[in-house]
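> Turn this into a structure:
(2 chains)
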There are 2 protein chains.
Amino acid sequence: MSASQAKPVRVALLGCGTVGGEVARLLTEQAGELAARAGAPVELAGIAVRRPDKHPELPPELLTSDAAALIDSDVDVVVELVGGIEPTRTWLLSALAQGKSVVTANKALLAEHSAELFVAADASGADLYFEASVAGAIPLLRPLRESLAGDRITRVMGIVNGTTNYILSAMDSTGAGYAETLDEASRLGYAEADPTADVDGYDAASKAAILASLAFHSRVTIADVHREGIGAVGASDIRAAQVLGRTVKLLAICERVTSDDGSESVSARVHPVMIPRSHQLAGVNGAFNAVYVEADAAGELMFYGQGAGGSPTASAVLGDLVAVARNKVGNGHGPRESAHAALPVRPMGQTPTRYHISLDVADRPGVLAQVAQAFAAHGVSIAAVRQRDKHSTASLVVVTHLAADAALQSTVDDIARLDAVHEVVSVMRVEGED
Amino acid sequence: MSASQAKPVRVALLGCGTVGGEVARLLTEQAGELAARAGAPVELAGIAVRRPDKHPELPPELLTSDAAALIDSDVDVVVELVGGIEPTRTWLLSALAQGKSVVTANKALLAEHSAELFVAADASGADLYFEASVAGAIPLLRPLRESLAGDRITRVMGIVNGTTNYILSAMDSTGAGYAETLDEASRLGYAEADPTADVDGYDAASKAAILASLAFHSRVTIADVHREGIGAVGASDIRAAQVLGRTVKLLAICERVTSDDGSESVSARVHPVMIPRSHQLAGVNGAFNAVYVEADAAGELMFYGQGAGGSPTASAVLGDLVAVARNKVGNGHGPRESAHAALPVRPMGQTPTRYHISLDVADRPGVLAQVAQAFAAHGVSIAAVRQRDKHSTASLVVVTHLAADAALQSTVDDIARLDAVHEVVSVMRVEGED
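Predicted coordinates:
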């Protein structure tokens, strides 16, 4: 039997904005190709949108404002591109309970409720795919869930938010401050009217939760992710980074941390980081995403591509949709939740990090000794010091070895209180160096 | 039922060299983890090696010299790491005919006989996975086969052979010639005792055939791949590249070519290429691999990592093995051959390429006119010319626009015959520029 004669896989599309519009278009235009690849026609059965009358570009017979009824109708797969937590969560749980597979790009929902969704999928034998939820078109979740399933991942670190990367790239090249650059980004359409989710790191933190869960076979939610946005990154931080041949990026970092007693835990965090300009992630500019993965056997891997946008995200959605359709045609199913390791999440204060601290200090003997004493008092070891005179003050840059983040924070607090310290110019964590 | 109580998936391992040894080790050491991820224990049932007495490191009860008998025994999956065409082909066809899934790293076999293997797998419902056959640990085939299944790939271009990349990187940094650098690479273990498969491009051509087949849903064999090795790359080519801010890489290039009449074909080729130093592939040095993928919706993607070595390759094999085991536990199966597009292969002569040509010419008026006339006679359009005097000769560098490769070759032949041309210093194709 040829693919075009097989029983069609019927798709309900929830949401038809930029990504949904692309998905609808490609489903129609590439119907023949998709059928050949899936083994059966992949048929758009209906599209739920809030206001059907606002979508003259779509076939009216497909449109409905009743998402729940569309899910309950004769469809096999639900593609969810509405976003948000409710009513989306209820819709998807209902679909999965009915054995209807779900393809979603909803990072916020997954970062809070993936366990519940996986349990519902498992109970009915439905599939749950979500490649588009992290890093847009970049095939990243499938490699983590499947290609590296026989390996032991130790680290996932990357640029997963295009808006903040655009802003930090622009600050690096123009020397402008944060507020000014954000305004410019909004004007050019690189930042949303309300940029909070991006610049405060919520978007990246959702993605970190998803990545950490998959990489470490554990349940990590957004509440477990330490989050700092880029609002506190100033032109002085960028300059301090440049002086040392570094640049500033907002990174999502998910690590497997082994304690002295051999027990393992997961650290998941999002914060600005100084990385060397020679680091592969340093060259990732503008709205591009890139994610670096380290695994015991595979070694270092990097994945690079467009992290957002209608077409790239639609590509990831359609890849999942073909997989779901193939599984349906072949009576199989995709990978289930893999949370067997159940590693605990390590609090940020106990996570090993390295700090770069740039200070303006009094230009007199003994200041370095005082500063060094503050580090020693917290058990923090110094990796490098750079001192430079300028008029009546001196600039002092300290880069530490790895230490517990809380100890580093306390050290910075103590140093700021020293009489000889005029100003703490820049404090930032450092990654990508030995 | 927990994974450890499920019926084990029994694995026959054929070959136990560097990669096989790692696979055997990881299967044993990570048994618990693998069982949790696969949904059933993944059990090493036997290892076929040529000389069992040469493997004191392996459990003797698992060893056999009779691969065919091991395949016929009570095993579910055959992991093939022997390489070569026969008897491997016969073994794998036998395994697939018995409904036993195959995981293989054998690029040479796949590049010649993948159609036959896929047909056998399809007939019995067995799986055929081969992530390790291209670019070692880099998850590349699964993204092409699955993540991008809903997209239209237009180009796959990359560094897929570590030995030649090591040699070209070394020539670029030392200025040394080819023969000398190959000797050094052999001495350091970066080149095999018989380096033919690598330096003559056979290894990369096998990979190009596999990549083109998957990317363009067509059957492409190694015989379809135009192949040039690095033996003809000289120090003068490297210098000519450096003068123009370029570097030389051996690339596998698979392209979807659209003719004027709208018909599509596939070009698959392996040859040395000049790329700008700013290109992402230019920074890939030593034994690393990187592959660049362009698709209509996804845009540009890049995959980077270790392309060879025991552990990285074992990581890819184990990822496939977990997938096969999961499929078996879930009564499903992996993706089948996707060759529905059946695009014809375009001969190299008709493939559009761009040339860089560096000449030593007589230092007198009218020479450029003669050279330009030779290009015009073949309908080749010139993109840029650079002329520089040196003593009694002048150096002339021409970079062309896209033209049929055969027309470019004929142009070079004609130019070499001009009286005013003292020497054709370097001729090389150019990629990665607009």
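> quick one: residue A:363 and residue A:393, what's the gap?
6 Å (Cβ to Cβ, to the nearest Å). Quick note: C-beta positions are derived from backbone N, CA and C, even for glycine.
> Which helix or which strand is home to the residue nearest to residue A:156 when sequence neighbours are not counted?
Once flanking residues are discounted, residue A:156 sits nearest to residue A:254: 4.4 Å by Cβ to Cβ, 6 or more residues apart in numbering or on different chains. Using DSSP states H and E, residue A:254 sits within strand A:246-258.
> Averaged pLDDT, that strand. What do you get?
Regarding strand A:246-258, the rounded mean pLDDT is 97.
> Pairing partners for that strand, with directions?
Sheet partners assigned to strand A:246-258 using DSSP bridges are listed as strand A:153-159 (antiparallel), strand A:264-276 (antiparallel).
> Export those as CSV, with columns for mean neighbour count and mean pLDDT.
What follows is these, written out as CSV (neighbours: other Cβ atoms under 10 Å in any protein chain shown; pLDDT from 0 to 100):
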stretch, mean neighbour count, mean pLDDT
strand A:153-159, 24, 97
strand A:264-276, 23, 97
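> Distance to residue A:109 added to these, as CSV?
Below are these laid out as CSV (distance: least, Cβ to Cβ, whole Å):
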stretch, distance to residue A:109
strand A:153-159, 20
strand A:264-276, 17
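> and residue A:32, that's in a strand?
No - counting by DSSP: H, G, I helix; E, B strand; the rest coil, residue A:32 falls outside a strand, being helix.
> and it, how many neighbours?
Residue A:32: 12 surrounding residues under other Cβ atoms under 10 Å in any protein chain shown.
> what do you get for residue A:427?
Residue A:427 sits with 20 neighbouring residues when counted by other Cβ under 10 Å.
> neighbours around the closest residue in space to residue A:80 that isn't next to it in sequence, how many?
Among residues not flanking residue A:80 along the chain, residue A:104 sits closest, at 4.2 Å (Cβ to Cβ, 6+ apart). Residue A:104 has 27 neighbours, counted by other Cβ under 10 Å.
> on that earlier part again, any idea how far the residue nearest to residue A:156 is from residue A:267?
Residue A:254 is 7 Å from residue A:267, where distance means Cβ to Cβ.
> Please apply the same query to residue A:364.
Relative to residue A:267, residue A:364 is positioned 40 Å away (Cβ to Cβ).
> again with residue A:191
Residue A:191 sits 28 Å away from residue A:267, going by Cβ to Cβ.
> same check, this time on residue A:259
Residue A:259 sits 11 Å away from residue A:267, going by Cβ to Cβ.
> try residue A:183
Relative to residue A:267, and taking Cβ to Cβ, residue A:183 is found at 34 Å.
> Using CSV, write out the CA atom coordinates for stretch A:274-290.
Provided in CSV are the C-alpha atoms of stretch A:274-290 (Å, rounded to 0.1, in the frame of the first residue of the first chain):
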residue,chain,number,x,y,z
MET,A,274,32.0,36.0,30.8
ILE,A,275,33.5,33.6,28.3
PRO,A,276,36.8,33.9,26.3
ARG,A,277,36.4,35.4,22.9
SER,A,278,38.0,32.2,21.6
HIS,A,279,35.2,30.1,22.9
GLN,A,280,32.8,28.7,20.3
LEU,A,281,29.8,30.2,22.0
ALA,A,282,31.5,33.7,21.9
GLY,A,283,31.1,33.8,18.1
VAL,A,284,27.3,33.2,18.3
ASN,A,285,25.9,36.6,17.6
GLY,A,286,22.5,38.2,17.1
ALA,A,287,19.4,36.0,17.3
PHE,A,288,21.3,32.7,16.7
ASN,A,289,21.3,30.0,19.4
ALA,A,290,24.0,27.5,20.1
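> Can you give me the buried ones in it?
By 16 or more other Cβ atoms under 10 Å in any protein chain shown, the buried positions in stretch A:274-290 come out as A:274-276, A:279-282, A:284-285, A:287-290.
> Could you count how many residues lie near the residue lying closest to residue A:115 once chain neighbours are set aside?
Nearest non-adjacent residue to residue A:115, counting by Cβ to Cβ, 6+ apart: residue A:219, 5.3 Å away. Counted with other Cβ under 10 Å, the neighbours of residue A:219 add up to 19.
> With residue A:87 instead?
As a burial measure, residue A:87 scores 13 neighbours (other Cβ under 10 Å).
> Please apply the same query to residue A:363.
Using other Cβ under 10 Å, residue A:363 has 17 neighbouring residues.
> close enough to count as contact, it and residue A:392?
Yes - if you go by Cβ atoms under 8 Å, residue A:363 and residue A:392 touch, sitting 5.8 Å apart.
> Could you chop chain A up by domain?
A:3-136+A:310-329, A:141-306, A:349-430 (automatic domain parsing).
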